[in-house]
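S.K.: The amino acid sequence is not available; the structure is as follows:
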């Protein structure tokens with residue numbers, strides 16, 4: 001039976017996940033906190049309750065190798081069938097101003113979410129004891145950019161991975177300018 005006294009924080013989390021299926025756990029938290037309807041501890045508590053009551057499912061996806069900025073597998077959030085039913089029945093309990101804010105917030109941050117999923121960097125140890133950094137930019141499942149570099153230490157490789165994740169646009173621009181230098185001289 002559906003619980004009609006489900007706290008608003010839980011409904012807000014359900015609403016966000018319903019609007020952005022597969023949203024990263026960290027992105028869900030950012031969106032929820034941006035509403036100013038809850039603090040971090042209230043959000044974490046509501047999220048835990050939603051998981052325990054099986055209204056949402058949070059897990060890393062087997063076929064996804066994306067890591068977050070802390071080199072951990074990305075956890076994605078999805079509504080369960082029960083979660084969808086609860087949201088459908090109680091959606092109007094969320095204040096209209098909060099729904100409008102979230103719609104705008106989620107729309108405004110759609111590019112950022114997509115970019116975080118498309119720009120990846122992984123570090124792996126080689127057979128020779130070095131560390132290989134693999135930087136990728138993917139679009140529609142295809143690599144549009146792939147760079148592999150080997151570093152003498154894991155620390156250097158992870159530092160380079162973080163730089164790629166945060167400054168990929170600058171790095172791509174520099175590479176494109178360097179590759180087109182010869183072309184500009186011929187003209």
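M.R.: Everything's here; your move. Source: prediction; values computed, not measured.
S.K.: Could you name the helices and strands sitting against the lowest-mean-pLDDT helix or strand in the chain?
M.R.: Every helix and strand of the chain was ranked by mean pLDDT, DSSP states H and E. The lowest is helix 110-118, at a mean of 78. With contacts taken as 3 or more CB pairs under 8 Å, 6 or more residues apart in numbering; DSSP states H and E, helix 110-118 sits against strand 23-24, strand 131-139. Heads up, the C-betas are built off the backbone N, CA and C, glycines and all.
S.K.: How much space separates residue 115 from residue 97?
M.R.: 28 Å (CB to CB, to the nearest Å).
S.K.: averaged over its residues, what pLDDT does the following helix or strand past the least confident helix or strand of the chain have?
M.R.: From helix 110-118 onward toward the C-terminus, using DSSP states H and E, the following helix or strand is strand 119-125. Summarised as a single mean, pLDDT over strand 119-125 is 87.
S.K.: where's strand 119-125 relative to the chain centroid, distance-wise?
M.R.: Chain-centre distance of strand 119-125: 16 Å, with CA atoms, centre = their mean, to the nearest Å.
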